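Participant: quick check, what structure comes out for this input:
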Amino acid sequence: MVQRNVCFAVGTAMLCCVAAAVPAHGADATSAALAVVRLAGTDGVDSQSIATAWAQLARSDAAALPTLLGALNDAPAPAANWLRSATDAIVDRELGRGGTLPVTEIEAFVRDTSHDARARRVAFGYLTRVDLGTPDRLIPTMLHDAGATFRYEAVARLLAEAAPHFDAERKDEARRLYRKAMTGAVDPIQVKLIAERLAKLDVPVDLPSQFGFVMEWKLIGPFEHGDPPGFDTVFPPEKKINLGASYPGKIEPVAWIDGVSSDDYGLVDIKKLIGRHKNAVAYGLAEFTSTQRRPVELRIGTYNAMKVWLNDKLLFAHEEYHHGSAVDQYRIQGVLEPGRNRILVKVCQNDQKEDWAQNWQFQLRVCDATGAAVLSTTRPPRRARNATGDKGADQ
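Facilitator: Numbering: from 1, shown residues only. Down below sits the predicted model:
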C-alpha cells in the first residue's frame, strides 16, 4: 500500500507538472497535450487530467492529424485508445461541417512503412472516407507491405483477379497472377489456396520455405516427466549442448538423433521419431544462420507443454497439454545475431491415456512481424510437390 501511494503521488505530481506546462494554443499546446495523454494507463495518473488533455487534442485543427497519428506509433494500448478517439473526433467534426483533411500528408503517412501498422491503418481509413477510390488506388501497391492486413488485401485482389482465368483454363495468365500473389502472401489460408491452385497448374510450391518452417532438427529424449515434474526440471540439453554426448533417459541412455521433417507445415512428430512415451520430455535443436542482426518472430504450434530458447535465452514457456494446435498458435519475439544462431525447444508429454491425448509434436517457423518467412542462409533446397504429389524441381 505504501508503494502504491508513492507511485500515485509521483505519477500525479509528474502529470500536474506536465499539465501546468500545456500552452493554450499552437504546436506547443499539441505536443504538451500529447505528453499528458501518453501517460494514460500509468499507475497513479489522474484520469481527469488525461481527459482534459484529450479534449484539447480533439479540438485541434485537421492539420494536426499527421502529428497525432504519428503519436500512435509506439503508444501503449491505453494511450492509443485515447489518441485514436481524438483523431476520430477531429475527422468527424471536420467532415461533418463539409471541410476536408490534409490528404496529401495523410497519404504520405500511409505509404511510409516506418510508421506503426495500426496507425497507418487508421490513416488509411480516414483517406477512404474522403476518397472511396483509395483502396483501388493504394492496395495494389501493398503486396509486400510491412503491414500484414495491407498485404492480405493486396493478395485477395490478385486472387479475385486470377480466379476467372483459372476457371476458364487460361493457364498462363492464371499462373502469372498466382505466382505474383504468392510473393506477398503471408496468411496461411491464402498461401494454402495459392499453393493448391499452382499445383493444379503444374507449378511446384515449396510450402515450408514459403512459411519459413524449420525442417532440420536434432532430437533427444525421452527424459522422465514424472516426479518432480519435468517441465521445470533442468535436463542436460538446457545446461550445455553436446551433440556427441549421451545421458540417462526415461528408460535407457539417450543421444541426439536426426529429426528432419518432411511435412509441408514443418511438423516434427516426436512420437514417430523417438517413440511413444507418456510422462516424457524431449528436446529439439536447430541451427539458423543469419547475415545480420535482426528482430524476428518464432511462431509455434503444439499440443504439448513447451519451452523455447534462442541463443540460450529463454523466450517462451507454456505448460498446457492437449489443448489443440494450429499454425502460428504462439508468436514469440526474438533477435537473430549475425552468423549461427541456436533454437532449442523442450516439448513435454503428460500421462493422459485418451486417444486425443497421444500427440507429441511441434512445428516452428521463423518470420518477420507480417508473417513473411525469414530463411537461414544455410537452408538446403527442398523439392516441392506438384499436383500429383510427385516432387518437382528444387526450390
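Participant: worst-scoring helix or strand of the protein, pLDDT-wise?
Facilitator: In the chain, no helix or strand scores lower on mean pLDDT, DSSP states H and E than helix 2-20, which sits at a mean of 35.
Participant: now the element after it, going C-ward?
Facilitator: helix 26-37 (DSSP states H and E).
Participant: if you count neighbours, what's buried in that following helix?
Facilitator: Ala29, Thr30, Ala32, Ala33, Leu34, Ala35, Val36, Val37 (16 or more other Cβ atoms under 10 Å). (C-beta placed from N, C-alpha, C; glycine too.)
Participant: redo the residues you listed as a markdown table? Include distance to Ile106.
Facilitator: Shown next, in a markdown table, are those (distance: Cβ to Cβ, whole Å):
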| residue | distance to Ile106 |
| --- | --- |
| Ala29 | 21 |
| Thr30 | 16 |
| Ala32 | 23 |
| Ala33 | 20 |
| Leu34 | 18 |
| Ala35 | 23 |
| Val36 | 24 |
| Val37 | 20 |
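Participant: least confident pick among the residues you listed?
Facilitator: The member of the buried residues of helix 26-37 with the lowest pLDDT is Ala29, at 80.
Participant: hey, where'd the strands end up in the protein?
Facilitator: Ranges of strands in the chain, per DSSP state E, are 218-224, 246-247, 254-255, 257-258, 268-269, 280-290, 294-302, 305-310, 313-318, 330-336, 339-349, 361-367, 383-385, 391-394.
Participant: could you give the angle of the first one to strand 339-349?
Facilitator: Between the axes of strand 218-224 and strand 339-349, defined by axes from the mean of the first three to the mean of the last three Cα atoms, to 10 degrees, the angle is 30 degrees.
Participant: partner strands of strand 218-224, with direction?
Facilitator: Here strand 218-224 is paired, per DSSP bridges, with strand 257-258 (antiparallel), strand 280-290 (antiparallel).
Participant: mean confidence score for it?
Facilitator: Mean predicted lDDT for strand 218-224 stands at 96.
Participant: hmm, who's touching it?
Facilitator: 230, 233, 235, 237, 243, 247, 249-251, 254-259, 268, 270, 273-275, 277, 279-286, 349 (Cβ atoms under 8 Å, 6 or more residues apart in numbering).
Participant: apply 6 Å and report the result again.
Facilitator: Here strand 218-224 makes contact (Cβ atoms under 6 Å, 6 or more residues apart in numbering) with 235, 249-250, 254, 256-257, 259, 273-274, 277, 280-285.
Participant: separation between Asp88 and Asp74?
Facilitator: 20 Å (Cβ to Cβ, to the nearest Å).
Participant: of the contacts of strand 218-224 - the most surrounded one?
Facilitator: Ala282 (33 neighbours; other Cβ atoms under 10 Å).
Participant: so that one bridges to which residues?
Facilitator: Val347.
Participant: list the contacts for it?
Facilitator: Counting by Cβ under 6 Å, 6+ apart, Ala282 has contacts Gly221, Pro222, Ile270, Ile274, Val347.
Participant: give me the mean pLDDT for stretch 64-78.
Facilitator: On average, stretch 64-78 scores 92.
Participant: returning to that earlier point: now render the strands of the chain as JSON lines, adding distance to Arg59.
Facilitator: Formatted as JSON lines, the strands of the chain follow (distance: least, Cβ to Cβ, whole Å):
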{"stretch": "strand 218-224", "distance to Arg59": "62"}
{"stretch": "strand 246-247", "distance to Arg59": "68"}
{"stretch": "strand 254-255", "distance to Arg59": "68"}
{"stretch": "strand 257-258", "distance to Arg59": "66"}
{"stretch": "strand 268-269", "distance to Arg59": "57"}
{"stretch": "strand 280-290", "distance to Arg59": "49"}
{"stretch": "strand 294-302", "distance to Arg59": "38"}
{"stretch": "strand 305-310", "distance to Arg59": "47"}
{"stretch": "strand 313-318", "distance to Arg59": "44"}
{"stretch": "strand 330-336", "distance to Arg59": "38"}
{"stretch": "strand 339-349", "distance to Arg59": "51"}
{"stretch": "strand 361-367", "distance to Arg59": "42"}
{"stretch": "strand 383-385", "distance to Arg59": "58"}
{"stretch": "strand 391-394", "distance to Arg59": "62"}
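Participant: thinking again about what came up before, out of the strands paired with strand 218-224, the one nearest Glu173 is which?
Facilitator: Closest to Glu173 of the strands paired with strand 218-224, according to Cβ to Cβ: strand 280-290, at 37.5 Å.
Participant: could you list the low-pLDDT ranges of this protein?
Facilitator: 1-27, 227-228, 382-395 (pLDDT under 70).
Participant: in space, what's closest to Ala162 - neighbours in sequence excluded?
Facilitator: Of all residues not flanking Ala162 in the chain, Leu177 sits nearest, at 3.7 Å (Cβ to Cβ, 6 or more residues apart in numbering).
Participant: what do you get for Phe150?
Facilitator: Met142 (4.1 Å).
Participant: what's around the one you found, how many residues?
Facilitator: By other Cβ under 10 Å, 24 other residues sit near Met142.
Participant: ok, so of the buried residues of helix 26-37, who is nearest Val45?
Facilitator: Looking across the buried residues of helix 26-37 and measuring by Cβ to Cβ, the closest to Val45 is Val36, at 8.8 Å.
Participant: can you report how many residues neighbour the residue lying closest to the closest one once chain neighbours are set aside?
Facilitator: Among residues not flanking Val36 along the chain, Ala53 sits closest, at 3.6 Å (Cβ to Cβ, 6+ apart). By the other Cβ under 10 Å criterion, the neighbourhood of Ala53 contains 26 residues.
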